[in-house]
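Participant: mind folding the following:
(one chain, ligands or ions: 1)
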Amino acid sequence: MTSLNILITGASSGIGEALATHYAQQGHTLFLSGRNPERLDRVTRTCCKLGSTCNGQVIDVRDRKAMERWINNIQQANPLDLVIANAGISGGTGGESGNRDFGLDIEIFDTNLNGVLNTIHPALPTMIQAQKGQIAIISSIASLVPLPGAPAYSASKAAVRFYGEALAAKLKSSGISVSVICPGFIQSRMTQANDFPMPFIISASRAAQIISRGIECRKIRIDFPLPMVVAMKLVNLIPSAFRRDIFSQLPEKHSHKKPLP
Ligand SMILES: NC(=O)c1ccc[n+]([C@@H]2O[C@H](COP(=O)([O-])OP(=O)(O)OC[C@H]3O[C@@H](n4cnc5c(N)ncnc54)[C@H](OP(=O)(O)O)[C@@H]3O)[C@@H](O)[C@H]2O)c1
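Facilitator: Numbering: from 1, shown residues only. Below you'll find the predicted structure:
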């Protein structure tokens, strides 16, 4: 198997960590990022032990200049074959600045939308010049319906889903493929914050298998698990006034009372 250069943001935990481990087992060269140095270091060392050449970078995806410097440096030495814009927060995992409510909404948009742009934009010029490369954007099944318990989260995920799908068409003739991933509930630090039932929840390692297979097949949309996708599509058929009345009964995403490990 050819060794690829793969960059993954938010690789210090959850889905990003599972994707890093998955690609490390295949011997690819990895560039991983996260904010928490201890968590990132643990994942980086695990990936190295699995046989990958692995570089960890503590960096905030919201820092456009720092992201540009980091990715430009990588592109000069090791042109990237695949960039996975995965880092994201929800009402449960955001709010490290202490801002709640509408302040947290701004943080969610900044991370989930600007963070994605800050990840893929610096990688694109080299890919366009080489006429090859792959971009993967982690959206969410929450992008399919406007969720009242997580308005900023579902809107930020809808924005990156639209952006990614539009980019897929725009970049087709440049030889670059774009995949947008819409997972349902996945076991991670993010879902540990939820105190409501999460139907059809699957492990992060299972999610990584599904996502990597979809990316390999250059699928434009990777939505899973199927029962959640069908449920969301059915919900969307309900007229919005009725949907509002039903949704107003649903539980909200809460913040952690205590920080998670
Ligand atoms: N879990 C689900 O059910 C689910 C479903 C659909 C979509 N998603 C999406 O999947 C992605 C990964 O989430 P997850 O479930 O794996 O949650 P997670 O375990 O909380 O992981 C989130 C990752 O993003 C990183 N991150 C957050 N804000 C960042 C920032 N400003 N700069 C750099 N890195 C940052 C975190 O780094 P730190 O270690 O520093 O915190 C962590 O590595 C997110 O985009 C999420 O919205 C999750």
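Participant: quick one: the strands in the stretch 101-250 of the chain, in order.
Facilitator: 133-138, 176-183, 221-224 (DSSP state E, counting those that start in this stretch).
Participant: of those strands, give the one that comes closest to Q75.
Facilitator: strand 133-138 (10.0 Å; CB to CB). For the C-beta atoms, the positions are set from N, CA and C on the backbone; glycine is no exception.
Participant: list the helices and strands the biggest helix by length in the chain packs on?
Facilitator: Secondary structure assigned by DSSP state H gives helix 151-170 as the longest helix of the chain. Judged by 3 or more CB pairs under 8 Å, 6 or more residues apart in numbering; DSSP states H and E, helix 151-170 is in contact with helix 101-109, helix 115-120, strand 133-138, strand 176-183.
Participant: give me the buried positions along that helix.
Facilitator: The neighbour-count check on helix 151-170 (16 or more other CB atoms under 10 Å) flags 152-161, 163-165, 167-168 as buried.
Participant: also stretch 69-78?
Facilitator: W70, I71, I74, Q75, N78.
Participant: residues making contact with the longest helix of the chain?
Facilitator: Contact with helix 151-170 is made by 85, 88, 90-91, 104-105, 108-109, 111-113, 116-117, 120, 135, 137, 139-140, 142-147, 177-180, 182, 220-221, 253, as judged by CB atoms under 8 Å, 6 or more residues apart in numbering.
Participant: coming back round to it: pick the one among the buried residues of stretch 69-78 closest to P199.
Facilitator: Using CB to CB, the buried residues of stretch 69-78 come closest to P199 at I71, 37.0 Å.
Participant: now the residue most central in space within the chain: phi and psi?
Facilitator: Nearest to the geometric centre of the chain sits N86, at 2.4 Å (CA atoms, centre = their mean). In terms of degrees, to the nearest 10, the main-chain angles of N86 are phi -110, psi -30.
Participant: look at it and report its pLDDT.
Facilitator: N86 is assigned 98 on the pLDDT scale.
Participant: now swap in I6 and tell me
Facilitator: 98.
Participant: hang on, it in a strand?
Facilitator: Yes: counting by DSSP: H, G, I helix; E, B strand; the rest coil, I6 is found in a strand.
Participant: not counting sequence-adjacent ones, nearest residue to it?
Facilitator: Excluding its sequence neighbours, the residue lying closest to I6 (CB to CB, 6 or more residues apart in numbering) is L82, at 4.6 Å.
Participant: enumerate every residue touching that neighbour.
Facilitator: Contacts of L82 (CB under 8 Å, 6+ apart): L4, N5, I6, L7, G133, Q134, I135, A136, I215.
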